[in-house]
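**Student:** Turn this into a model:
(4 chains)
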Number of protein chains: 2
Amino acid sequence: MTGQRKALPTAEELRIWRDFIETTEALRSELSSRLQSESSLSPGDYAVLLALREAEGRRLRPSELAARIGWQRSRLSHQIGRMERRGLIRREECITDSRGAEVALTPQGSEAFRNASLPHLRAVHELFVTPLTPEQLAAAEEIARALRARLKVPRDT
Amino acid sequence: MTGQRKALPTAEELRIWRDFIETTEALRSELSSRLQSESSLSPGDYAVLLALREAEGRRLRPSELAARIGWQRSRLSHQIGRMERRGLIRREECITDSRGAEVALTPQGSEAFRNASLPHLRAVHELFVTPLTPEQLAAAEEIARALRARLKVPRDT
DNA sequence: CCCATATGATTGACGTGTCAACTACAGAGG
DNA sequence: CCTCTGTAGTTGACACGTCAATCATATGGG
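**Tutor:** Numbers count the residues shown, from 1 in each chain, chains lettered A, B, ... in the order given. Predicted coordinates for the structure are as follows:
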């Protein structure tokens, strides 16, 4: 009833927004760069390998894999192509649906993930967990929840 | 004295981390998509246009521009090339240093920014400011500060 | 059985980001 | 003046992401 929906951020709110978004971007970028230099894996590689390791039989249908990591199918398809060239995963035909495919972890992919995992988790601890107080960590969770709630809504008038 | 520096996140901390990073990524992606569909500008375009508008004479040396928005020069150079093709900015020679160049806002670039600005700020308000309580907004600021402090440090042992 | 449509997956075009060369000029020292 | 080194900026190769189009097969209705 107040037209708040169309309101603009104040200078202060805008400053916080920029700090916040730039910081999370820098954080992502630093994690990505460490993962790359320590393990020759991109964050995308890591996400795919993680999902496959946790999957029944270390294999998944592309659609199912895409759903689990929240990607669009075409993005995954490109990623799978790149990973297959490097021998991290293997594409196989699907028995129950000849339109479909299956993505399977190779021994090399499995090993690459094992080597990457520990350093990556340490980096997450160092760069995200350590700098925050327990209260801030809890606040981060609530902030994420609040933001996510608004994002899911299609976009009201 | 406790080996904490090498510690791993707990399952709970890892969950929070994933929620947090995925949410900020989704937020960035939504903002980007709205900017694109409402104004045909990418976040990169917007950042460059904003910096130029705020610059003395609406022009900047590429290095100075890169520094202000925190980009590497090569990234900016590619961006400038794309924006020049679309008529948003213009490259000019630099009088005081013949190695150098200057990037100047064109009337079209200026107008594109004007058209993009209001809807973009509204989106920031809607998707970031509105969903958070004042306490959460303050907490977001502190969290960003804490994370940034750790990131700046080169990387201790 | 055959067709219309839906679904699984891939592809190509293109914008974007990083990294490592590379070009061209500036500026200091001989 | 000349060389040596540093700096401004660009470029090319390649990884990545999105979008729209495409291909092949599945599937339900006549």
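
**Student:** alpha carbons only for contacts and neighbour counts from here, please
**Tutor:** Fine.

**Student:** For chain A, list the residues in contact with chain B, please.
**Tutor:** Taking Cα under 8 Å from any Cα of the partner chain as the criterion, the neighbours of chain B within chain A are A:5-9, A:13, A:16-17, A:19-21, A:23-24, A:26-28, A:30, A:121-122, A:124-129, A:131-132, A:136-137, A:139-141, A:143-148, A:150-151.

**Student:** go with 6 Å
**Tutor:** Within chain A, the positions adjacent to chain B are A:8-9, A:16, A:20, A:23, A:121-122, A:125, A:131, A:141, A:144, A:146-147 by Cα under 6 Å from any Cα of the partner chain.

**Student:** quick one, strands of chain A?
**Tutor:** Assigned strands in chain A, in chain order: A:59-60, A:89-93, A:101-105 (criterion: DSSP state E).

**Student:** Could you say which one of these comes nearest to DNA strand C?
**Tutor:** Within the strands of chain A, the stretch nearest DNA strand C is strand A:101-105; the backing value is 3.9 Å (Cα to the nearest atom of the strand).

**Student:** Excluding chain neighbours, what is closest to A:I16?
**Tutor:** Leaving aside its sequence neighbours, A:I16 sits nearest to B:E141 (Cα to Cα, 6 or more residues apart in numbering or on different chains; 5.7 Å).

**Student:** Now stretch A:147-157: average pLDDT?
**Tutor:** Throughout stretch A:147-157, pLDDT has a mean value of 72.

**Student:** likewise stretch A:109-122?
**Tutor:** What stretch A:109-122 shows for mean pLDDT is 97.

**Student:** quick one on the thing from earlier: nearest to DNA strand C, of the residues of chain A next to chain B?
**Tutor:** When the residues of chain A next to chain B are ranked by distance to DNA strand C (Cα to the nearest atom of the strand), A:T23 comes first, at 13.3 Å.

**Student:** and that closest one, what is it in contact with?
**Tutor:** Each residue near A:T23 by Cα atoms under 6 Å, 6 or more residues apart in numbering or on different chains is listed here: B:A144.

**Student:** Equivalent analysis for A:R61, please.
**Tutor:** Contact partners of A:R61, counting by Cα under 6 Å, 6+ apart, are A:A101, A:E102.

**Student:** Excluding chain neighbours, what is closest to the residue nearest the centre of chain A?
**Tutor:** With distances taken as Cα atoms, centre = their mean, the residue of chain A nearest its centroid is A:A47 (6.0 Å). Once its chain neighbours are removed from consideration, A:A47 has its nearest residue in A:I69; the separation is 7.0 Å (Cα to Cα, 6+ apart).

**Student:** ok, now A:A7?
**Tutor:** Nearest in space to A:A7, with sequence neighbours left out and distances taken as Cα to Cα, 6+ apart, is B:R122 at 6.2 Å.

**Student:** Does the one you found touch A:L8 like I think?
**Tutor:** Yes - under the contact definition of Cα atoms under 6 Å, B:R122 touches A:L8, with a separation of 5.2 Å.

**Student:** When these two are compared, which one has more neighbours?
**Tutor:** A:L8 (20 against 17; other Cα atoms under 10 Å in any protein chain shown).

**Student:** that older thread, neighbours around the residue nearest to A:A47, how many?
**Tutor:** Counted by other Cα under 10 Å, the residues lying close to A:I69 total 14.

**Student:** ok, it to A:L52 distance?
**Tutor:** Distance check for A:I69 against A:L52: by Cα to Cα, to the nearest Å, it reads 10 Å.

**Student:** got it, and A:K152?
**Tutor:** Distance, A:K152 to A:L52, by Cα to Cα: 26 Å.

**Student:** repeat for A:S74
**Tutor:** The spacing between A:S74 and A:L52, counted by Cα to Cα, is 18 Å.
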